[in-house]
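*Asks:* sequence unknown, structure follows:
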């Protein structure tokens, strides 16, 4: 069984446990549930390269990434560093995430927040709304086409944006591209966790330009970001690179400054 399959099975069990512990009616009574949400599309579709900065404590491939984890300080650091949106890991077993992290970030910043998790059940969309998320991740590789469509539709009805993640051009055939507004391509293979930076470009070559294009994983340098921007990428999602820095927001600011300087040399900003 691959890592992804193990995560899916564990997520299924966790969701069932949460359903028993916290009924839907309790989620719907949350103050965040009916509050307005921020648009991920508007945050990422700008004349310049935009950034989803990720708050991530650990990962299956790298283990513990950041021991000290003052979530609210990290969120403020990202905001001051120029993040356009923030991704927060809520998966507890493999990424050491928590719903509390998302709630803390919501209390701290007014940027669009992405609940980064393995969403397989409508209940998780209600959780995301109740916790203060503005968007959720939907991974095509772990959802059949009808389930992906239905989850996307329900998310929209709840006021949540969706970042639809794909890994291979073949997965595009399973999507309703008229429904998708923001698409991410994970450069990391979710089965063996190898990284190929060009994977984003191979997939997005088959995607309409009307869809916001987000490159994910394996991004470390201004050269990486410049290369992607020059090839039509609208936004990047970066977690580990920032999480390993002493000051993630300062690292983000420096990376954006270096990227803009490189882009200016090619008259592309």
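*Replies:* Received it, and whenever you're ready, just let me know what you need. Because the structure is a prediction, the values reported are computed rather than measured.
*Asks:* going forward, measure contacts between C-alpha atoms and count neighbours the same way
*Replies:* Will do.
*Asks:* got the end-to-end distance for stretch 161-179?
*Replies:* End-to-end distance for stretch 161-179, by C-alpha to C-alpha, to the nearest Å: 11 Å.
*Asks:* and it, what's buried?
*Replies:* Residues 161-169, 172, 174-175 are the ones in stretch 161-179 that count as buried (16 or more other C-alpha atoms under 10 Å).
*Asks:* repeat that for stretch 181-194.
*Replies:* Applying 16+ other C-alpha under 10 Å to stretch 181-194 flags 181-188, 190 as buried.
*Asks:* does residue 33 touch residue 27 like I think?
*Replies:* Yes: with contact defined as C-alpha atoms under 8 Å, residue 33 reaches residue 27; the gap is 7.3 Å.
*Asks:* touching both of the two, which residues are there?
*Replies:* Common neighbours of residue 33 and residue 27, using C-alpha atoms under 8 Å, 6 or more residues apart in numbering, are 126, 130.
*Asks:* one step back: of the buried residues of stretch 181-194, just say which sits nearest to residue 78.
*Replies:* Set against residue 78, the nearest of the buried residues of stretch 181-194 by C-alpha to C-alpha is residue 184 (20.2 Å).
*Asks:* so which of the buried residues of stretch 161-179 sit within helices?
*Replies:* Counting by DSSP state H, none of the members of the buried residues of stretch 161-179 fall within helices.
*Asks:* in strands, which of those residues fall?
*Replies:* Among these, the ones falling in strands (DSSP state E) are 161-166.
*Asks:* can you put those residues in TSV and add distance to residue 224?
*Replies:* Listed next are those as TSV, based on distance: C-alpha to C-alpha, whole Å:
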residue	distance to residue 224
161	27
162	25
163	21
164	22
165	20
166	20
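*Asks:* what's the helix or strand for residue 83?
*Replies:* For residue 83, there is no helix or strand it lies in under DSSP states H and E.
*Asks:* OK, contacts around the closest residue to it other than its chain neighbours?
*Replies:* Take residue 83 and drop its neighbours on the chain: the residue closest to it by C-alpha to C-alpha, 6 or more residues apart in numbering is residue 51, 5.4 Å away. Each residue near residue 51 by C-alpha under 8 Å, 6+ apart is listed here: 44, 82-85, 235-238.
*Asks:* just the buried residues of stretch 181-194: which are in strands?
*Replies:* Checking the buried residues of stretch 181-194 against DSSP E, those in strands are 182-186.
*Asks:* can you tell me what sits against stretch 10-22?
*Replies:* 118, 120-121, 123-124.
*Asks:* gap between the longest helix along the chain and the chain center?
*Replies:* Assignment by DSSP H gives helix 3-21 as the longest helix of the chain. Offset of helix 3-21 from its chain centre (C-alpha atoms, centre = their mean, to the nearest Å): 19 Å.
*Asks:* whichever helix or strand comes after it: which residues count as buried?
*Replies:* Per DSSP H and E, the first helix or strand lying C-terminal to helix 3-21 is helix 24-28. By neighbour count, with 16+ other C-alpha under 10 Å as the criterion, the buried positions of helix 24-28 are residue 27.
*Asks:* ditto for stretch 76-85
*Replies:* Those would be 76-79, 81-85, for stretch 76-85 by 16+ other C-alpha under 10 Å.
*Asks:* end-to-end on it?
*Replies:* Start-to-end, stretch 76-85 (C-alpha to C-alpha) is 12 Å.
*Asks:* list of residues touching it?
*Replies:* 40, 43-44, 50-53, 86, 108-109, 111-114, 247-253.
*Asks:* buried among those? Make that a PyMOL selection.
*Replies:* Here is the PyMOL command that selects the buried residues among the contacts of stretch 76-85 (16+ other C-alpha under 10 Å):
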select buried, resi 40+43+44+50+51+52+53+86+108+109+111+112+113+114+248+249+250+251+252+253
